[in-house]
Each structure stands twice: as structure tokens, then as C-alpha cells.
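# Okay, sequence plus prediction incoming.
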Amino acid sequence: MSNEEWIKTGIGLLQAVLSGVFVGLIIYWLDERRAKRDRRLSDFRIASNWFTTEPKVSLRNFDLAKMNLAGQKFMKAKLEDTIFYETALWATNLSDANLRKADFRKARLVGAKLIRAIARKADFSRAVIRNGSDRDYGDTADFSNADLQGCKFVGARLDGVTIIKANLQRADFSKALVLNCNFTGSDLTGSNWKKVKQVQNCIWRDVRIDNQENLPQSLLDEILRQNAKPNKKRKTEK
């Protein structure tokens, strides 16, 4: 066999090997995609029946991205590292749940309840958190007494949310839109508001702050104004 024929044979073998590898990768990718889809559907079925099922199973690390969990009840559920990316959580009750490092990016928490939930380092970036507009989807979005330490609210929209006595230490509100929220008694120690997009018509009574450099001057002024002690006027003797 001549050198030219050897080269052609080698090229043919190489092409066959590369073609086989490419086909194998495509099949592997399709199998992984199918397995991921099947797992998400299984996770959704378990989660959607969680409240009525006994015994209660852990939902830790579940993939519930882009699912509709409106009206579901997950009180005291174990949801650490669970993915709620772009998930519909209209009137969903997550009170007392363990939501450490949960992924709520771009989720829609309309009238959702996270009362006393432990959501340390959860990511609410670009999420919409607001009150419901009708009875079917609940009314008040309530995060009262929740542990939101280290949470990300980057680019999120919070409108009318009740966040009374919540732990917001080191929470990040960069580029967030915060309107009509009630932060009474919350701990804002170390939280980052410096690059917040807009803060308007919120209640800041009895909040705790430390580093004033993390607050825009207008927000700092409003917090100080709401917590200023009224001057006692001396009674003039007649």
C-alpha cells in the first residue's frame, strides 16, 4: 500500500472515530436532558402532593424551576438548595420552612408567605415579590420574622411586602426596586443598599443599621427621620 493510500485510510479512520464521538456526545446530551426533564417532573409531582402526603419527605435539592406551585403549602418543609428559578409561587405558603441557599431567581412570589422561614443565603435576584391583587391568589406577601441573612435581592422588585422583625443582615439590595414595604423592627446590619434602584414609601421604624456608608443618603435620612424622638416641649408656667 502506497503512502498516499495509507494517508487516505488514516483520514477515513479518523473521520469515522470523530463521527462516532460526535454521535455519542449527542446521544449522551439527549439522555441527560431527558433524565433531567424526568427528574423535574418527578420532583414536581412529589412537591405538589407534599402537603397531603404522609410521612413528609425532604424536598432538599429538588428542581422545581419554571413550575406552577401557586397555592401550595410547604409549612416547615425542608427545602435547602431547592431550585425555584422562574417558578410561580402565587399565594404559596413557605412559613417556617428551611430555605437555606434556595434559588428564587426570577420567581414570582405574589402573596407568598415566608413567615419565620430560614432562608439564609437564598437568592431572590430579579424576583417579583408583591401583594396579591385578588382573593384567588392571596393578599399580603409576608416575610415577617424570617431569617434572610445574606440573601440576594439584586434587581428584585418588592412591592407592599411585610418584612417585620426580619433578619436582613448582609442582605444585598443592589439595583432593587423597593416600594411600600414595612421593615419595622428588622435588622439591616451590614445590608447593602448603596446601589439600590429606588426606595419609596417604606416603613423603617425601629430598624437596626450600622454602616451608614451602605445606605444612600436619601434612604439614611428617611430612616433617621422615622426614628427621631419627638422633642418634648417644656410647659410654660402661667
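On my side now, so go ahead. Numbers count the residues shown, from 1 in each chain.
# Show me the strands in this structure, by range?
Taking DSSP state E, the strands of the chain run over residues 108-110, 128-130, 157-159, 177-179, 198-200.
# helices or strands up against the last one?
It refers to strand 198-200. Counting contacts by 3 or more CB pairs under 8 Å, 6 or more residues apart in numbering; DSSP states H and E, strand 198-200 is packed against strand 177-179, helix 217-226. Every C-beta, even on glycine, is put in place using the N, C-alpha and C of the backbone.
# Paired strands for it, with orientation please.
strand 177-179 (parallel) (DSSP bridges).
# what about the partner strand, average pLDDT?
Strand 177-179 carries an average pLDDT of 98.
# Buried residues, it. List them.
Counting neighbours by 16 or more other CB atoms under 10 Å, one finds that the buried residues in strand 177-179 are 177-178.
# Show me the contact partners of it.
Here strand 177-179 makes contact (CB atoms under 8 Å, 6 or more residues apart in numbering) with 156-160, 196-202.
# who wins for neighbours among the residues you listed?
For the contacts of strand 177-179, the largest neighbour count, defined by other CB atoms under 10 Å, is 27 neighbours, found at Ala156.
# got the contact list for Ala166?
With CB under 8 Å, 6+ apart, Ala166 has these contacts: 143-148, 183, 186-187.
# Let me see the confidence value for it.
98.
# cool, Trp193 as well?
At Trp193, pLDDT is 96.
# isn't it right up against Gln212?
No. Using CB atoms under 8 Å, Trp193 makes no contact with Gln212, being 10.2 Å away.
# Between the two, tell me which one has more neighbours.
When neighbours are counted by other CB under 10 Å, Trp193 and Gln212 differ, and Trp193 comes out ahead with 21 against 11.
# Tell me the spacing between that one and Ser218.
Distance, Trp193 to Ser218, using CB to CB, to the nearest Å: 10 Å.
# what residues are shared contacts of the two?
Joint contacts of Trp193 and Ser218 (CB under 8 Å, 6+ apart) are Val199.
# For the contacts of Ala166, work out which two are farthest apart.
With CB to CB as the measure, no two of the contacts of Ala166 lie farther apart than Asp147 and Phe183, at 14.9 Å.
# coming back round to it: of all the strands of the chain, which one is nearest Arg60?
Nearest of these to Arg60, taken as CB to CB: strand 108-110 at 19.9 Å.
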